[in-house]
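Chemist: model the structure of this input:
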Amino acid sequence: MMQPDRARGAREGREARGGRGVFLDRDGTLIEDTGYPADREQVRLIAGVGAAVKRLNEVGMPVVVVTNQSGIARGLFTRADFDAIEERLAEELAGVGAHLDGVYMCPHHPDFDGACDCRKPGLALYVQAAEELAIDLSRSFYIGDRWRDVDVTRSVGGTPILVSTGEGGDDAPPDIARVEDLPEAVERILRAVGEDA
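Modeler: Sure, this is the predicted structure:
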């Protein structure tokens, strides 16, 4: 079996508030989905994303990206290209005082690499993040623009939220919570956390 790619930017010893974390898809959720981005100049934050991530940072909830990047397996871009895009994303977020606590990436595709445990909706990257960032998966929130971004909740629990940006979550069951964008998802999360406090 393929092994998951290691985390980037994880902050050791950081404890999640109440064990909760927020897992985000990247393309179509945080940044505009340009297909298979290979150039850092293609990175464009979706409106309001920076401020939304900052709000989660301010309440101490780890913000973690889990992303499939099969373009690497397909030969469309390299790991170095991916790293450059992540650096640009970090710069864009830092510009508004926000940060990610970890980025976990699957570079595989079953047609090129065979089966792996880390390609979403597989569990490996989520379990790795939970161990490294002290996150309780069953109490966490999962946000993306496709069903596979939140499908992990069927295995680990937690709260799935689909955003209308990117692919719009049109492939998901109708009973999954849907919001306009990440800022609205964060509003929903903060209300839920406040109610549980």
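Chemist: switch to C-alpha atoms for all contacts and neighbour counts from now on
Modeler: Fine.
Chemist: which residues in the protein form helices?
Modeler: 49-58, 79-94, 110-113, 124-133, 147-150, 153-156, 182-196 (DSSP state H).
Chemist: which of the helices and strands in this protein ranks last by mean pLDDT?
Modeler: For the chain, the helix or strand with the lowest mean confidence is helix 110-113, at a mean of 87 (criterion: mean pLDDT, DSSP states H and E).
Chemist: contacts for it, please.
Modeler: Applying CA atoms under 8 Å, 6 or more residues apart in numbering, the contact partners of helix 110-113 are 73-74, 116.
Chemist: so which of those is the closest to V64?
Modeler: When those are ranked by distance to V64 (CA to CA), C116 comes first, at 20.4 Å.
Chemist: model confidence score at the closest one, please.
Modeler: C116 is assigned 93 on the pLDDT scale.
Chemist: likewise for the one 3 residues further on?
Modeler: In the predicted model, R119 carries a pLDDT score of 94.
Chemist: residues contacting the residue minimising distance to the centre of the chain?
Modeler: Centroid-nearest residue in the chain: L24, 2.3 Å away (criterion: CA atoms, centre = their mean). L24 makes contact with 30, 63-66, 142-144, 149 under the criterion CA under 8 Å, 6+ apart.
Chemist: what bridges to V63?
Modeler: Applying DSSP bridges to V63 gives these bridge partners: V22.
Chemist: and it, how far from L45?
Modeler: Applying CA to CA, to the nearest Å, the value for V63 to L45 is 16 Å.
Chemist: count of neighbours near the nearest residue to A90 once chain neighbours are set aside?
Modeler: With sequence-adjacent residues excluded and distances taken as CA to CA, 6 or more residues apart in numbering, A90 is closest to H99, at 6.5 Å. By the measure other CA atoms under 10 Å, the count of residues near H99 is 22.
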